[in-house]
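Student: Coordinates for the following, if possible.
(chains A and B)
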Amino acid sequence: MDLKTWCAGVAIVLGLGASMAVAQEASPVALIEALSPEKTGPTVRALSSQNALAFLPDQPLPEGYDFPLVGVSVEFQDDTHILTMRGMRSLRTVAVALKDPSMQGHSFQVAAHVFSEKLGSAQFPLSTRRARAVVQHLTVYYGVPQEMLFAVGYGATRPVDRAQPYSARNTRVELINVSQH
Amino acid sequence: MLKPLLGKFLMAAAVVVAGAAVAQAEKRVALVIGNSDYEATGRLPNPERDALAMSRKLGGLGFDVIEGYNLTYDELRETVRQFAKETRGADLSVFFYAGHGIAVDQVNYIVPVDAQMNDPIDWEFEVYALPDILRSVSRAESASLVFLDACRDNPMASQLAELRGMSTRTLNQSGLSLVNPLALPTSGSVVAYATEPGDVAFDGDGENSPFTAALLRHIGTANTDFAVLTSLITRDVLEMTGGSQRPRFDVSLTGPLVLNRVETVVSQAPSVAPSLDVEKIIFNTARDTGDIADYQAYLDSFPNGVFAVVARNAIARLKREAGVAEPGSQAGRVAVAEPELASATRIYRSSDPLVLPMTQAAIGLAANKTTEDELALTRMQRKELQLRLNLAGQKAGRPDGIVGKGTRRGIRGWQRAVGFEVTGYMNAVQYQMLVAKTETAFAQHMSSNPDALTKVSTKSRKSTGTTKKRKTNTTQKVAKPQAPAPAPKKKTFTESLAGIEDRVRDAAKDAFDKD
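Tutor: Predicted structure coming up:
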C-alpha cells in the first residue's frame, strides 16, 4: 500500500545526463531561483522542525524530502570523471550562480549518479570521482569556497526513471541546497 | 444559512462588477468549491463563504464560474465533469477549493462533506483525488491557476492515520503535499497553497480564511502581473496570522499573466507605471518595516528592480546588525562587493568563450602518477591527450595511445608553457585546462580528420619505430637541442636552460623506460 514517495514541485530539472544531444545551459538566474530556500523555504523549515538534522550534508540525503534541488547537465568523457568542454561550460554557469550574493552562507551538495550496466561495481566509485571533479573544478578555477560544497557519489542508488535503470536520464549531477538554517 | 438558497451548484454567468472594464475577449472558466458542512467532523464556518466570495470575484474578472457548495462525493464528481466540458477552448482556467484536504502517499485528496473516514480500506472511495481534477484543468490549452485553501486542521487525518497504522511520512497528518508539476498544463500554471505543504492553515476567525481574504483583496488588482500579486498575498497572510501561516506559490508561467487588464483612458502613464508603482509600494513597505523578509519579498518579485541593489545592501546590513554576518566577510566589504557581483550575473553570457584562469589553487594541486592513474584513461582517451598536447604546440609524438617518454615530454613542455609545476604527469584539473585551451584546435582537427582517434593507422606504428630508433640517438639529441615548438622564438637564458635540463632528464629516463 505504501507508495514510493517522490519529490514534486521543488525540483526543476534543467537538463540531465551526459549523453544528451543538446546540453541545455541554464542561466545563472534560473539556477539561483531553483536553489533559493526562499522559494522552498517552508519545506526546509518544516523538515528541520519535524526531523531536525536528520541528514548530514556530506552523506547521501534521505529520500522523500524536498530539498531545493536542481539538475545540472555536466558532461564527462565516456566513463571517466574528465569534464568535457560542454561540461565545463555548464559549470561556469553554476559558478556564477554560486557566487551570487544571494547564495552566500548557503551550502550545497554536489550529487553525482552513475547508472551503467557494464560498469557494475565501478558505478559507485565513478560517481564519487565525478562529484569530486565538479567540486574541485568549481573551487580551483572559480574560487567557490571549499566549505560551501560537499561532493557525494550516489552510485546507482537513486534512479529518476525507475522503470529503466540504465536510461541516460539516471546518470546525472544535481546541486542540492543543504543549508541548515 | 446560505446553503439552501444557493443550491448545490449553479452556473453563474459572468457577473460584471461595476468599475472593472472586462473587455477580455478570451474565454475564462473557473471551478469554485467550498465545503463547510462536514457530516463526520462538524462544520467549518468559512469555506462556504470563501467560495462564494471567490466566485463573485472571479465573475467580476470575466470568468464563467461553476460553483459547488457542500458537495457530496457524487455531486463533486458531477461538478468536475461539468467543469471539464467547460474548459474546452478556454484561455485561462481557475480552480479554487476551500474545505478539508488530505494528503496520503503524496497524493492530495479533496474531502467531500459525506466522507466518514472511519474505514481503513474504504476511505479511498470517499475522497476525491486532486489529480483527477487537475487533469481536466490541464486538458485546456491554457494557463491555469489552482488555489488550494484546503490544509485546514483535519481531525480525519489523525483518525485515518490511526486506522491504517501509517507513519506521518506517508500521511501528512495535516495539510496537503505538493502537486506534481507534470500533471499541469505546459502552457503555464500557478499552484497556490494556503500554507506550506504539510502545515495547517487557519480557518480564520473573520468572515474569510486569511488566505482567501488576501486572495480576494489582491486578485483583482488592475494591470498587475500575477507573479507580483503573489508577494502581496503572502505578505497579507503572514501579517494576519502573525507570521505563522505562509502561503506557497508554485509559479511556472511562461509569460506575464494579468487577471484584470484595464485599458486606462486617462493615459498619462505608460504601461510601465503600474508595475513601478507596485514596485515602489513593496519596497517602501520593506523600508518601513525594516524586515529582512520584506526586503527579500521585494527582491523575489523584482530581482533586477530599481531598488534591487538598495534592498540587497539593506539585507546585508540588517544581517550584520543581527549578528548573522557571514563568516569571513568584514563589515564594509559586503556592501561594496555585492552590487559588483550582482551585476556580474547580469553581464554574464553563456556564449562567451570559456577561458579557465590560472589560479594558485590549480597550481598547488599535485600531479603525479597517482593522480594520472585516477583519470583511468582508455587507449582512445590517451590518444586524445597526445593529440591535444600536439595541438597545444608540444611534441608528444604521434597519437598512438601509448604513453611513453614522448608523451611525458609533451606533458612537461605543456606544464612549463602554461605555468604548472613540471612533473610530466596529469591530474584532473590540468587535463581540464588542456581541454579548454585546445578545444578550438581540437574541433578543427577532428572535423578534418574524423578518424584521428579511432583508427590505429600504419603511420602510428611507424612512429613507434622511430621512437625506438631515437632511443639510440639520445646523445645526439642532447647535443643538438631543438627549441620546443610552442614557446616564443626568443627565450631567456633560464628558459633555454630548463629546456635542456628537461631533455637530459628525458634521455636519462629513456634508458630505463621499457615502453
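Student: switch to C-alpha atoms for all contacts and neighbour counts from now on
Tutor: Will do.
Student: Which SSE is immediately downstream of the least confident helix or strand in chain A by mean pLDDT?
Tutor: Here the helix or strand of chain A ranked lowest by mean pLDDT, DSSP states H and E is strand A:12-13, holding a mean of 30. On the C-terminal side of strand A:12-13, the closest following helix or strand by DSSP states H and E is helix A:28-35.
Student: That following helix and chain B in contact?
Tutor: Yes: Helix A:28-35 lies in contact with chain B when judged by Cα under 8 Å from any Cα of the partner chain; the contacting residues are A:28-29.
Student: and if you look at stretch A:153-166?
Tutor: No: contact of stretch A:153-166 with chain B is not found when judged by Cα under 8 Å from any Cα; the minimum separation is 14.0 Å.
Student: what's the average pLDDT for stretch B:362-381?
Tutor: On average, the pLDDT along stretch B:362-381 is 89.
Student: Show me what counts as buried in it.
Tutor: When burial is assessed from 16 or more other Cα atoms under 10 Å in any protein chain shown, stretch B:362-381 yields the following buried residues: B:362-363, B:365-367, B:371-372, B:375, B:377, B:380-381.
Student: Can you say which of those residues are also within reach of chain A?
Tutor: Residues of the buried residues of stretch B:362-381 in contact with chain A (Cα under 8 Å from any Cα): B:362, B:375, B:377.
Student: if I read this right, B:E279 contacts B:F302, doesn't it?
Tutor: Yes: with contact taken as Cα atoms under 8 Å, B:E279 and B:F302 are classed as touching, separated by 7.4 Å.
Student: Turn the ones next to chain A among the buried residues of stretch B:362-381 into TSV, columns for secondary structure.
Tutor: Shown next, in TSV, are those (DSSP: H, G, I helix; E, B strand; the rest coil):
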residue	secondary structure
B:A362	helix
B:L375	helix
B:L377	coil
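Student: Take those residues and write them to TSV, including distance to A:E117.
Tutor: Supplementary listing: these in TSV, determined by distance: Cα to Cα, whole Å:
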residue	distance to A:E117
B:A362	34
B:L375	20
B:L377	19
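Student: and of those, the nearest to chain A?
Tutor: For chain A, the nearest member of those is B:A362. The distance, counting by Cα to the nearest Cα, is 5.4 Å.
Student: any idea which element the nearest residue to the closest one once chain neighbours are set aside lies in?
Tutor: Counting by Cα to Cα, 6 or more residues apart in numbering or on different chains, the nearest residue to B:A362 once its immediate chain neighbours are dropped is A:V140, at 5.4 Å. Taking DSSP H and E as the definition, one finds A:V140 inside helix A:123-142.
Student: That helix: what's the following helix or strand?
Tutor: strand A:149-155.
Student: The host helix or strand of B:E67 - which strands sit beside it in the sheet, and in what orientation?
Tutor: Counting by DSSP H and E, the element that carries B:E67 is strand B:64-69. The strands that strand B:64-69 pairs with in its sheet are strand B:9-12 (antiparallel), strand B:28-34 (parallel) (by DSSP bridges).
Student: Which of those strands has the lowest mean pLDDT?
Tutor: Taking the mean pLDDT of each of these, the lowest value is held by strand B:9-12, a mean of 34.
Student: Show me where the stretch 51-200 of chain B has its helices.
Tutor: B:73-86, B:123-126, B:130-138, B:155-164 (DSSP state H, counting those that start in this stretch).
Student: same question for the third one, mean pLDDT?
Tutor: Translated: helix B:130-138. For helix B:130-138, the per-residue pLDDT averages 73.
Student: just checking, what packs against the helix holding A:V140?
Tutor: Contacts defined by 3 or more Cα pairs under 8 Å, 6 or more residues apart in numbering or on different chains; DSSP states H and E place helix A:123-142 against helix A:85-98, strand A:108-113, strand A:149-155, helix B:360-364, helix B:428-448.
Student: quick one: contacts of the second one?
Tutor: Identification of contacts with strand A:108-113 by Cα atoms under 8 Å, 6 or more residues apart in numbering or on different chains yields A:57-58, A:127-128, A:130-131, A:134-135, A:148-158, A:170-179.
Student: Can I get stretch A:160-172 in CSV, CA atoms only?
Tutor: Provided in CSV are the C-alpha atoms of stretch A:160-172 (Å, rounded to 0.1, in the frame of the first residue of the first chain):
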residue,chain,number,x,y,z
VAL,A,160,14.9,9.1,-11.6
ASP,A,161,13.5,6.7,-14.1
ARG,A,162,12.8,3.6,-12.0
ALA,A,163,11.4,1.6,-14.9
GLN,A,164,14.6,1.8,-16.9
PRO,A,165,17.5,1.9,-14.5
TYR,A,166,20.1,2.3,-17.3
SER,A,167,18.3,5.1,-19.0
ALA,A,168,20.5,8.0,-19.7
ARG,A,169,18.3,10.2,-17.6
ASN,A,170,19.5,8.5,-14.5
THR,A,171,23.2,9.3,-14.9
ARG,A,172,23.2,12.9,-13.7
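Student: In that stretch, which residues are buried?
Tutor: When neighbours are counted by 16+ other Cα under 10 Å, the buried residues of stretch A:160-172 are found to be A:160, A:165-166, A:168-172.
Student: if we can go back for a sec, wait, the residue nearest to B:A362 touches B:T359, no?
Tutor: Yes: in terms of Cα under 8 Å, A:V140 counts as a neighbour of B:T359; the distance is 6.9 Å.
Student: So those two - more neighbours on which side?
Tutor: Neighbours around A:V140 and B:T359, counted as other Cα atoms under 10 Å in any protein chain shown, are more numerous at A:V140. The numbers are 23 against 14.
Student: Am I right that A:Q59 falls within a helix?
Tutor: No: note on A:Q59: no helix contains this position according to three-state DSSP, which reports coil.
Student: what's near enough to touch it?
Tutor: If a contact means Cα under 8 Å, 6+ apart, then A:Q59 has A:V152 as its contacts.
Student: tell me, how many neighbours does residue 133 end up with?
Tutor: Since you didn't name a chain, this refers to chain A. For A:A133, the number of neighbouring residues by other Cα under 10 Å comes to 21.
Student: other chain: chain B
Tutor: Residues near B:I133, counting by other Cα under 10 Å: 20.
Student: roughly how far apart are it and B:Y109?
Tutor: Using Cα to Cα, to the nearest Å, we find B:I133 at a distance of 10 Å from B:Y109.
Student: Can you list the low-confidence ranges for chain A?
Tutor: Under the criterion of pLDDT under 70, the regions of chain A flagged as low confidence span A:1-26, A:37-54, A:64-65, A:180-181.
Student: circling back to that earlier point, identify the farthest-apart pair in the buried residues of stretch B:362-381.
Tutor: Farthest pair in the buried residues of stretch B:362-381 (Cα to Cα) is B:I363 and B:M380. Separation: 26.9 Å.
Student: Report the buried residues of stretch B:85-94.
Tutor: Taking 16+ other Cα under 10 Å as the basis for neighbour counts, the residues of stretch B:85-94 that come out buried are B:86-88, B:90-94.
Student: got a list of what A:P62 touches?
Tutor: A:P62 sits next to A:F55 when contact means Cα under 8 Å, 6+ apart.
Student: By mean pLDDT, show me the worst of the helices of the stretch 51-200 of chain B.
Tutor: Of all those, helix B:155-164 carries the lowest average pLDDT, namely a mean of 57.
Student: how close does the closest residue to B:R77 other than its chain neighbours sit to B:G34?
Tutor: Setting aside the residues directly before and after it, B:R77 is nearest to B:Y128 in space (Cα to Cα, 6+ apart), at 8.0 Å. When Cα to Cα is applied, the distance between B:Y128 and B:G34 equals 14 Å.
Student: Can you pick out the residue with more neighbours from these two?
Tutor: Using other Cα under 10 Å as the criterion, B:Y128 and B:G34 rank with B:G34 on top: 27 against 21.
Student: Out of the buried residues of stretch A:160-172, which sit inside strands?
Tutor: A:R172 (DSSP state E).
Student: quick one: which of the buried residues of stretch A:160-172 is nearest B:M240?
Tutor: Nearest to B:M240 among the buried residues of stretch A:160-172 is A:V160, at 40.2 Å by Cα to Cα.
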